[in-house]
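> just need the structure, nothing else, for what follows:
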Amino acid sequence: MGEARQRSGFSLNLSLNQQGILLVSSLLIVEMIFVASLWSLLMQAETEARREEHAKEIGRRTNALIKSLFEVGTTSENFIASKNANDHNQYLAARREADDSLNWLTNALREDPGQKDRLGRIEGSIREALALYAELDRETRALPAEQAQEMLRERKLDFQMKFNALAADMVKLINAERKIQDTSPETQRAYREQSRTILKVGLAVNIAMALLLALFFTRNIAARLRVILQNTDRLSRRQLLNARLNGNDELTRLDAAFHQMSSQLIQDEARLQASEDRLRAILQQMPVGLLVLTADHTIQFANQAMINMYTGGAEQSAIQPLMGRQVKSLFKQWPDFNSNNSGKSPAENNSAFSRARICELDLVKANGQTLPVEFSMTGFALEGKEKNALTLAIALDVSERRAVQKIRQAFVATVSHELATPLTSIGGFISLLMAGQYGPVSKQAQAEAERAERNAKRLIKLIRDLLDVEKMEGGVISISKVPCLLSQILQDALAAVAVLSAAQQVAIESDCQEIELFVDPDRIVQVVVNLLSNAIKFSEAGAKVTISVIRHLPTVEVRITDSGRGIPIDYQAAIFERFQQVESDDAKKRGGTGLGLSIARAIVERHGGTIGLVSEVGRGSTFWFTLPAEEDDS
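Residues are numbered from 1 along each chain as shown. Okay, the predicted model is just below:
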């Protein structure tokens, strides 16, 4: 036993504090070794990642260079064929882009011995090709198009030989960089695996050393720690904690913090549960149908209103449940929501569709009957779960509104027909009366007859405008789209308002561009005539109205600008609604029904465009609208 005490004394020759310092120092040294090892692996992984990114950038730049060289050839041929300055500017821009991409590749690969020779060949071939194109440009610039094209055909073989030689090196360059991209992830994975191994070893060593340190705690401290650990476990299980510890040390304060945290968590959970119950009750009681869809449009949740729409009040037990079904299976026809959003995620496509419009669909109920609904979708993602994007769909029963709309349309059509026929007869009678068919007419009667004729024509125009508006809203009016030129549309519109502009002494300046559109030319002429008529009516004698065209693919914007009195900001939002006029006596002073802009907006929107205005009181107005343009494939 004495020997044991001696061994113990020898081994425990240090004081408790010194042994504690020794153990802590050993732990720190081990930690530093682990940190240094991890840092080295992280640096190697970072270097490999930069190498991979560099290879990707070289691949992107090489593709950009190939695209620029192709554009150099294409734009050069276009310029030789057309002698258009715009084509020549595009040719020069393509040359600059090719030079920039080549210079970047030269600088990026200058220090790469494996690519040095290949890069030299690529640079030489490209410089020679660009020089040949420059020489061809100088020689053909002053020649007629036919001679220039003949010279191009003679030299096309030289260009082809240059590009054939260049293509092999470019492919090898791309393949070499792609090889780096293919092998780099595996190398990075190996570094990460090594890091995980070091972490596991470090964790094991730290646990062992922590156990050694635990031997130096007193029984009282260990017991208090066990209480705190039990409280931690109880807190995670949502159980009542042990009684609070006595004392005023750090462990006592830690135990008090756990008790306070437990009380706070219990209160927070109660509030969260109450909030969840309220939200669930609101969703279930909402008068509109709600669906939550997964990324592939599978129904994950349906509120009670949606279930009622589908079941029609029948027993739900005998009906196929909504959850787990594809949402498109609920509707008679399903539009292609993603047709104009290729390449985007479903949530992004749904969000873009929801902002664009709300569509009406026919919901096929469980009994086979259909129910018209307004349907919209928008994408969202739960916090921290962007990869599991969901879609919120809203369905609103519009059967009553659709029935009312049909009744209204039938009423308007009937009333308009019943009014138009006698008004036409009255207008014809007044015209005959003014022409003297019924005997001489006094000047006073002539004036009254003219006023009556104007009123009859205004009422007939109002009836026609009402019919157009109802047809537009009901989707009944026909839109016959054909290829046509914007310049011809503007010329037809100018001819239609020529008499009015001459009477008002207002000049019209037009920028008639040869832009091909695929629209209904008569309807677009109707839009332009309406905007021009308004601009002329509200312009002073001697003023000028300007028509300008701005082309920014894939749309064309037409602007009609006047220098009239302008429109107050408060009226601009409602000016395209029915019967909206800035001043109440505008209809009497300047004519019009207040329906022209509403019809114009409906026509433009039926063509997939937009319409709006920019106006300042006292400085005039600019009405604009956009239409889809036919892109030039040349």
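> point out where the stretch 1-150 of the chain drops to low pLDDT.
Counting by pLDDT under 70, the stretch 1-150 of the chain contains low-confidence ranges at 1-20, 22-23, 114, 116.
> for stretch 554-571, the averaged confidence score.
Mean pLDDT, stretch 554-571: 88.
> next, the buried residues of it.
Within stretch 554-571, the residues that count as buried by 16 or more other Cβ atoms under 10 Å are Val556, Glu557, Val558, Arg559, Ile560, Thr561, Asp562, Ser563, Gly564, Arg565, Gly566, Ile567. Where C-beta positions appear, they are placed from N, C-alpha and C, glycine not excepted.
> now the second one: phi and psi?
Backbone geometry at Glu557, expressed as degrees, to the nearest 10, gives phi -110, psi 130.
> helices along the stretch 401-550 of the chain, start to end?
Under the criterion DSSP state H, counting those that start in this stretch, the stretch 401-550 of the chain contains helices at 443-474, 486-496, 498-504, 521-537.
> need the three-state assignment for Ser376.
strand (DSSP: H, G, I helix; E, B strand; the rest coil).
> am I right that it is in contact with Ala393?
Yes - using Cβ atoms under 8 Å, Ser376 is in contact with Ala393, at 7.2 Å.
> who has more neighbours, those two?
Counted by other Cβ atoms under 10 Å, Ser376 and Ala393 do not tie: Ala393 has more neighbours, with 21 against 17.
> can you tell me how far that one sits from Arg565?
Computed as Cβ to Cβ, to the nearest Å, the Ala393 to Arg565 distance reads 47 Å.
> then Ala256?
Relative to Arg565, and taking Cβ to Cβ, Ala256 is found at 75 Å.
> give me the contacts around stretch 602-618.
By Cβ atoms under 8 Å, 6 or more residues apart in numbering, the surrounding residues in contact with stretch 602-618 are 468-469, 472-473, 477, 479, 481, 519-520, 523-524, 526-527, 555, 565-568, 572, 575-576, 600-601, 621-628.
> longest helix in the chain, please.
Of all the segments of type helix in the chain, defined by DSSP state H, the longest one is helix 145-214.
> next secondary structure after it?
Stepping forward along the backbone from helix 145-214, the first helix or strand reached (DSSP states H and E) is helix 219-236.
> quick one, that next one and helix 145-214 angle?
Relative orientation of helix 219-236 and helix 145-214, computed by axes from the mean of the first three to the mean of the last three Cα atoms, to 10 degrees: 140 degrees.
> pull out the buried positions in helix 219-236.
In helix 219-236, counting by 16+ other Cβ under 10 Å, buried: Arg224, Val227, Ile228, Asn231, Leu235.
> need the contact list for Gly312.
Contacts of Gly312 by Cβ under 8 Å, 6+ apart are Lys365, Ala366, Asn367, Gln369, Leu371.
> now, of those, which are buried?
Buried by 16+ other Cβ under 10 Å: Lys365, Ala366, Leu371, out of these.
> check whether the last one really touches Asp397, as I assumed.
I take that to be Leu371. Yes - using Cβ under 8 Å, Leu371 is in contact with Asp397, at 6.5 Å.
> using a markdown table, lay out the helices of the stretch 401-550 of the chain together with distance to Asn206 and mean pLDDT.
A markdown table is the format used below for the helices of the stretch 401-550 of the chain (distance: least, Cβ to Cβ, whole Å; pLDDT from 0 to 100):
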| stretch | distance to Asn206 | mean pLDDT |
| --- | --- | --- |
| helix 443-474 | 74 | 70 |
| helix 486-496 | 76 | 90 |
| helix 498-504 | 90 | 88 |
| helix 521-537 | 77 | 90 |
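> what's the most buried one of the ones you listed?
helix 521-537 (a mean of 22; mean count of other Cβ atoms under 10 Å).
> what helices and strands are in contact with that helix?
Applying 3 or more Cβ pairs under 8 Å, 6 or more residues apart in numbering; DSSP states H and E, we find helix 521-537 packed against helix 486-496, helix 498-504, strand 544-552, strand 555-561, helix 596-606, strand 620-628.
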